[in-house]
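[1] need a 3D model of the sequence below.
(2 chains)
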Amino acid sequence: MTEVTQSTPDSATEPSGYDPAVVEKKWQTRWEERGTNDTDLRDGARPFYALMMFPYPSAEGLHVGNLFAFTGNDIYGRFQRLQGHTVFEPIGFDAFGIHSENYALKVGIHPAELIPRNIANFRRQLKSAGLMVDWRHELSTTDPEYYKWTQWIFLELYKRGLAYRRRAAVNWCPNDKTVLANEQVIAGACERCGAKVEQRFLEQWFFRITDYAERLLADLDWIDWSETTKTAQRNWIGRSDGAEIVFRVMDLLEMGAAATVGLNVMATTAELNAMATDIRVFTTRPDTIFGATYLVLAPEHPLVDALVTDDQREEVAAYRAATSKQDLVTRKVNREKTGVFTGAYAINPATGKPIPIWIADYVLMEYGTGAIMAVPGHDERDFEFAKVFGLPIVRVVAPRGVHPSRHTADAAHVDSQNRDEHPPLEEPYVDTEHAHLVNSAQFNGLTVEEGKHAIVTWLARHGHAKPIVNYRLHDWCVSRQRYWGPPIPVIYCDRCGVVPVPEKDLPVLLPNVEDFKPDDTGVSPLARVESWYRVKCPSCGHDARRETDVSDTFLDSAWYFLRYPSSDVENKPFDEAMLKKWLPVSSYIGGNEHAVLHLLYSRFVTMVLHDAGHLEFEEPFTKFRAHGHIIREGAKMSKTKGNVVIPDQYIERWGADSFRTYLMFLGPYEEGGDFRDQSIAGVRRFLDRLWVSAVDARRDGAADDGVLRKLHQTIKKVTEDVPRLSYNTAIAAMMEYMNVLRAKERTPHVDEVRPLVQLVSPFAPHIAEELWERLGGRMSIFDSGWPAYDASLAAEELVTIAVQVNGKLRGTIRVATGTGQEEALAAAMADPGIKKFATGTTKKVIYVPGRLLNVVV
RNA sequence: GCCGGGAUGGCGAAAUCGGUAGACGCGAGGGACUUAAAAUCCCUUGGGGGCAACCCCAUCCGGGUUCGAUUCCCGGUCCCGGCACCA
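    This next block holds a predicted model:
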């Protein structure tokens, strides 16, 4: 249990009279009654869509991390509202998926019963946090009115040829008994349960996200997103520029001849091409082709059967069998080089020499062409492999200093360099920056970059190569052999084949299945519900059956932001007028753990819907900011450590306003912070002092000029900090102002306090609303506008200037703002403490008005 | 290994354009109020030296640029996140 170090200030004895429990209840009720947080979606003149990543409604309830994210977004949204925008801040629940299903299995309650319960609890918690949410637009991905359109999106992709079925090696989690997307496999283990992932072959539905790789990459150059998130997406898409190079396989006759005669293959290729087998490889280092001493194919490569010689057939078959038995994980984790010679040779198109063809599991079928040219001299993996099997290692790239022409003065050295320009490499030489080509015929001396271009151009003339771009990104596997998700809206008919469910028949309702446990068959639990999956073909009317897989949860969340403004619309996924007014999303705040999954899929789905003519924009989130993560007393929070912060307890003891403000105060929002129980007292004290200041404020006389100056400086600071999400410094500035406001126990004037209440309101909305009312506000503070700062009022008359002698601080002077250098220098020299260091002739004077004076002697 | 981000008092952190390092908050110490405690308010609080005015040292480590570097450049250490037999 979480120990909260300080007890609740008892409202009866609390000197300030501030009782958050009373204030927060009062305003939450009022806001609901008055519809303060409801957005008139049709009317907003300056719409602002403040989106937060919707939560997965776990049974544990709202996590402090959720609240950290939501509060940051809420402050941003409230600030925009105070700036005159019509703000829409919706929320919903990402309630489908394995998470929910596994938990339901664990506690033995049907998810259809469990999920609404969890949602109710979440809703209660969210309301207690005082978010400016328009609850009329709440949505849940499990609602048939929602997933009807998730299914519709699947069909849109299908119509456009972007959804296809393929039998594929998939990641199979033996614990969750389902396939996983590559993205859900972390270091060979299931992202959710940590079990070791195995390899299975199943018919799967895929989305052709790879068709969009280039667009997804290119748009990253202009969308206003956290740089860290964009970097993660770039890595994930993994564009690599290289070339596809064709290696011709030698036939047996040629092989015999090659053993005795030096072949000039370049000349004869054209005529032989027709009958010979080609192996196409992908490489990012075409400049090293003269050093390609062997080829390697993935064991699964379709050409292996055709290539293998009779001598090697048995060994090759055994190796292929061993590889296919191996799960995808061990194959990638075990880096010891293994492989088998096929007995076949290919011609290196650059050297014209025959090189052996091997198969090895370090070459993956799913990347590039499933075949590589091995350049052991300049690639670590190829080097290791060549060492193990005694294959030749040739140097074709050398550091600049090794070039013979650089050593003509040193006869002995030149001699050794010339005789053997590629001494045995102790390790692969992979530097591409300070290097040039050697042993590469007419290309010697070129830099790596020049060599790449020149060699591809040269090979291309003979049809041996072409520049090509490859992506690491794979197509998105959306099939899940599970129960708790939207059924994929497809029907299989023996006569018509794959038939999409007609739009008028959507949604394909998820039947209520009592026994929803997945089993080892790799078939969804829905396959057990015969009454459900047996249907008539919508096309020919004959017996047919439904697809029994459900779709990936990431499809549910890939479009929810499009639905929010139209959550009440029945006959279409989104209303055109709403789209026009509210989308793309003005500001999206969320965690970077979704940098490549949710955020990439959302962009993809948006692009597809754009191409299909449903959306005018192709990027869903104009602005995205990743928030940081909270740790607890220097350690990561985890259930096992029992150090998780439960928001409810803190809200109860300190109030939601204090909790919110504290969360925002503990560090830079985009970096996160360290939650320390003791420190929350600081922000609570600040709110107590705010309360007293407002309640006791004097109305007679006038505000103090000095205090007003600080006030306007504070308004400026907060106004600048909030849009930058620099919440911690904004709060610090308000605390600083509070110190001035209440210095020496003075009683502040209303005019000094009222604007502060407005500044505080995005952070601590309840207390602000209460004090606003007590100060005479008639309508909600959130409709009161944002205080303007007056630069002339904020200006200081006197400034302190640091005085340095030779760059060392020797004192400070107080001068009028706008004082010139001569005058400032005179003032500084009048100070004996400074003067005594400024001896001798003055060489130079640096003057930064208002800041610093540096005298160099 | 590659790509990001980071390292500042006892602690969380500021310093936004190269210009007084440590704002703000926590904790700690002292004081006021109180019979007492809590709460509240006030003062002190990077390290070292000095009776003192003051002086020296200090932003992960080592160099450099500059009148001046937490900030820019080069080299290194450690921590966090992402990717990883991706050719």
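[2] need the contact list for the closest residue to A:Leu798 other than its chain neighbours.
    Nearest residue to A:Leu798, sequence neighbours excluded (CB to CB, 6 or more residues apart in numbering): A:Arg814, at 5.2 Å. Glycine gets a C-beta too; all of them are placed from N, C-alpha and C. Listed by CB atoms under 8 Å, 6 or more residues apart in numbering, the contact partners of A:Arg814 are A:798-801.
[3] hmm, which helix or strand of chain A has the shakiest average pLDDT?
    In chain A, no helix or strand scores lower on mean pLDDT, DSSP states H and E than helix A:411-419, which sits at a mean of 36.
[4] residues of the stretch 301-450 of chain A that sit close to RNA strand B?
    A:331-332, A:334-338, A:361-368, A:370, A:372, A:379, A:381, A:384 (CB under 7 Å from any atom of the strand).
[5] among those, which are in strands?
    Members of those lying in strands (criterion: DSSP state E): A:Ile372.
[6] mind giving me the PyMOL command for buried ones among the residues of the stretch 301-450 of chain A next to RNA strand B?
    Provided next is the PyMOL selection string for whichever of these are buried by 16 or more other CB atoms under 10 Å:
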select buried, chain A and resi 331+337+338+361+362+363+365+367+368+370+372+379+381+384
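[7] the residues of the stretch 301-450 of chain A next to RNA strand B in helices, which ones?
    A:331-332, A:381, A:384 (DSSP state H).
[8] name the nearest of those residues relative to A:Asp251.
    A:Arg381 (29.5 Å; CB to CB).
[9] residues in contact with the nearest residue to that closest one once chain neighbours are set aside?
    Spatial nearest neighbour of A:Arg381, chain neighbours left out: A:Tyr362 (5.7 Å); criterion: CB to CB, 6+ apart. Counting by CB under 8 Å, 6+ apart, A:Tyr362 makes contact with A:296, A:335, A:337, A:339, A:381, A:385.
[10] cool, A:Val757 as well?
    A:690, A:694, A:768, A:771-772, A:775, A:781.
[11] repeat that for 10 Å
    Applying CB atoms under 10 Å, 6 or more residues apart in numbering, one finds that A:Val757 lies in contact with A:690, A:693-694, A:764, A:767-772, A:774-775, A:777, A:781, A:784, A:787.
[12] buried subset of the residues you listed as a ChimeraX selection?
    To isolate the buried members of those in ChimeraX, using 16+ other CB under 10 Å:
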select /A:690,693,694,764,767,768,769,770,771,772,775,777,781,784,787
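[13] restrict the contacts of A:Val757 to those near RNA strand B?
    Within the contacts of A:Val757, nothing lies near RNA strand B by CB under 7 Å from any atom of the strand.
[14] ok, so of the contacts of A:Val757, who is nearest A:Asp251?
    Out of the contacts of A:Val757, the member with the shortest distance to A:Asp251 (by CB to CB) is A:Ala764, at 81.3 Å.
[15] next, give phi and psi for that closest one.
    Per-residue torsions, A:Ala764: phi -120, psi 80 (degrees, to the nearest 10).
[16] related to what we said a few turns ago, which of the contacts of A:Val757 sits closest to A:Phe665?
    For the contacts of A:Val757, the nearest to A:Phe665 is A:Ala764 (11.1 Å; CB to CB).
[17] A:Leu526 touches A:Val513, doesn't it?
    Yes - the criterion here is CB atoms under 10 Å, and A:Leu526 meets it with A:Val513 at 7.1 Å.
[18] wait, A:Thr71 touches A:Tyr727, no?
    Yes - A:Thr71 lies in contact with A:Tyr727 (CB under 10 Å); the separation is 8.9 Å.
[19] overlap in contacts, the two.
    Common neighbours of A:Thr71 and A:Tyr727 (CB under 10 Å, 6+ apart) are A:660-661, A:663-664, A:669, A:762-763.
[20] return the member of those residues nearest to A:Tyr319.
    A:Tyr669 (53.7 Å).
[21] please report how far that closest one lies from A:Ala626.
    Distance of A:Tyr669 to A:Ala626, computed by CB to CB, to the nearest Å: 10 Å.
[22] for A:Lys835, same thing?
    Taking CB to CB as the measure, A:Lys835 falls 53 Å from A:Ala626.
[23] neighbour count for these two, which is higher?
    The neighbour count for A:Lys835 versus A:Ala626, taken as other CB atoms under 10 Å, is higher for A:Ala626 (25 against 15).
[24] now do the SS call for that one.
    strand (DSSP: H, G, I helix; E, B strand; the rest coil).
[25] and the strand or helix carrying A:Ala681, what does it pack against?
    Element membership for A:Ala681 (DSSP states H and E) is helix A:680-695. If contacts are counted by 3 or more CB pairs under 10 Å, 6 or more residues apart in numbering; DSSP states H and E, helix A:680-695 sits against helix A:20-34, helix A:647-654, helix A:656-665, helix A:727-741, helix A:750-760, helix A:765-774.
[26] residue numbers of the stretch 601-750 of chain A in contact with RNA strand B?
    Going by CB under 7 Å from any atom of the strand, the residues of the stretch 601-750 of chain A near RNA strand B are A:634, A:665-668, A:671, A:673-674, A:676, A:678-679, A:681-683, A:685-686, A:688-689, A:717, A:720-721, A:726, A:728-729, A:731-732, A:735-736, A:738-739, A:742-745.
[27] circling back: for A:Thr447, state which of the shared contacts of A:Thr71 and A:Tyr727 is nearest.
    Distances from A:Thr447 to those, taken by CB to CB, are shortest for A:Tyr669, at 44.8 Å.
[28] pretty sure the closest one contacts A:Ser226?
    No - using CB under 10 Å, A:Tyr669 is not in contact with A:Ser226, being 11.2 Å away.
[29] give me the more crowded residue out of those two.
    More neighbours surround A:Tyr669 than the other of A:Tyr669 and A:Ser226, with 25 against 18 (other CB under 10 Å).
[30] the stretch 51-200 of chain A: helices as residue ranges?
    Using DSSP state H, counting those that start in this stretch, the helices of the stretch 51-200 of chain A run over A:64-82, A:98-107, A:111-128, A:144-159.
[31] for RNA strand B, which of these is the nearest?
    Nearest to RNA strand B among the helices of the stretch 51-200 of chain A is helix A:64-82; the distance by CB to the nearest atom of the strand comes to 13.0 Å.
[32] and after the helix holding A:Ala681, which helix or strand comes next?
    Helix A:680-695 is succeeded, C-terminally, by helix A:705-721 (DSSP H and E).
[33] buried sites along that next one?
    For helix A:705-721, by 16+ other CB under 10 Å, it's A:707-719, A:721.
[34] so which two of the contacts of A:Tyr362 are the farthest from each other?
    A:Val296 and A:Arg335 (14.8 Å).
[35] returning to what we had before: look at the residue nearest to A:Leu798 and give its secondary structure.
    A:Arg814 ends up strand, using three-state DSSP.
[36] now it: how far from A:Thr800?
    The value you get for A:Arg814 to A:Thr800, if CB to CB is used, is 6 Å.
[37] put the alpha carbons of stretch A:101-114 into CSV.
    Below are the C-alpha coordinates for stretch A:101-114, written out as CSV (Å, rounded to 0.1, in the frame of the first residue of the first chain):
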residue,chain,number,x,y,z
GLU,A,101,-9.5,-10.7,-22.7
ASN,A,102,-6.6,-12.1,-20.7
TYR,A,103,-7.7,-10.4,-17.6
ALA,A,104,-11.3,-11.6,-18.1
LEU,A,105,-9.9,-15.2,-18.5
LYS,A,106,-7.9,-14.8,-15.3
VAL,A,107,-10.8,-13.6,-13.1
GLY,A,108,-13.3,-15.8,-14.9
ILE,A,109,-15.7,-13.1,-15.8
HIS,A,110,-16.9,-12.4,-19.4
PRO,A,111,-15.3,-9.3,-20.9
ALA,A,112,-18.7,-8.1,-22.0
GLU,A,113,-19.5,-7.8,-18.3
LEU,A,114,-16.1,-6.8,-17.0
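[38] before I go, just wanted to say thanks for your time.
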